[in-house]
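Engineer: would you be able to build a 3D model of this:
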Amino acid sequence: QVQLVESGGGLVQAGNSLTLSCAASGRTDIVFRQAWFRRAPGKDREFVAGISRTDGRTLYAESLKGRFTITKSNTRTAVDLQMNNLQPEDTAVYYCAAAQSNPWLPVVRSSDDYKYWGQGTQVTVST
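Structural biologist: Alright, predicted model coming up:
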């Protein structure tokens with residue numbers, strides 16, 4: 001089993017930045033891809049960004065590319081999400097997710113690939 005805990009959420013004014021962190025524990029040796037998803041009020045959950053722990057390749061939602069950056073720690077199974085120039089439409093609960101199948105599979109946007117999920121952290125962007 002893998003446990004994921006997100007941190008770093010909060011209230012921020014539009015135009016500012018925020019960094020979310022996700023710490024994994026348990027069977028982290030089987031975690032090969034990690035990603036961030038978000039669910040805005042009244043909307044479906046959507047993919048934000050993902051990273052492969054095998055080769056470091058990243059994948060972003062097209063609409064967020066350039067503002068959001070996902071990075072991983074090489075010494076521990078943690079990923080961060082740097083979010084810049086936040087806008088009210090970025091308000092959502094942000095979830096960390098981890099995938100354990102085949103280490104050489106690429107990062108994908110489908111939530112079906114991710115077996116483990118955190119509880120989420122709220123990000124609220126005010127005008």
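
Engineer: the residue nearest to the spatial centre of the chain in helix, strand or coil?
Structural biologist: The chain has Trp36 as the residue nearest its centroid, 1.9 Å off, counting by Cα atoms, centre = their mean. Assigned by DSSP: H, G, I helix; E, B strand; the rest coil, the conformation of Trp36 is strand.

Engineer: what residues are up against the closest residue to it other than its chain neighbours?
Structural biologist: Spatial nearest neighbour of Trp36, chain neighbours left out: Val48 (4.2 Å); criterion: Cβ to Cβ, 6 or more residues apart in numbering. (Each C-beta comes from the backbone N, C-alpha and C, glycine too.) Val48 makes contact with 35-38, 60-61, 64, 68, 70, 81, 94, according to Cβ atoms under 8 Å, 6 or more residues apart in numbering.

Engineer: okay, and the residue nearest to Tyr114 when sequence neighbours are not counted sits in which element?
Structural biologist: Once flanking residues are discounted, Tyr114 sits nearest to Ala97: 3.6 Å by Cβ to Cβ, 6+ apart. Following DSSP states H and E, one finds Ala97 within strand 92-99.
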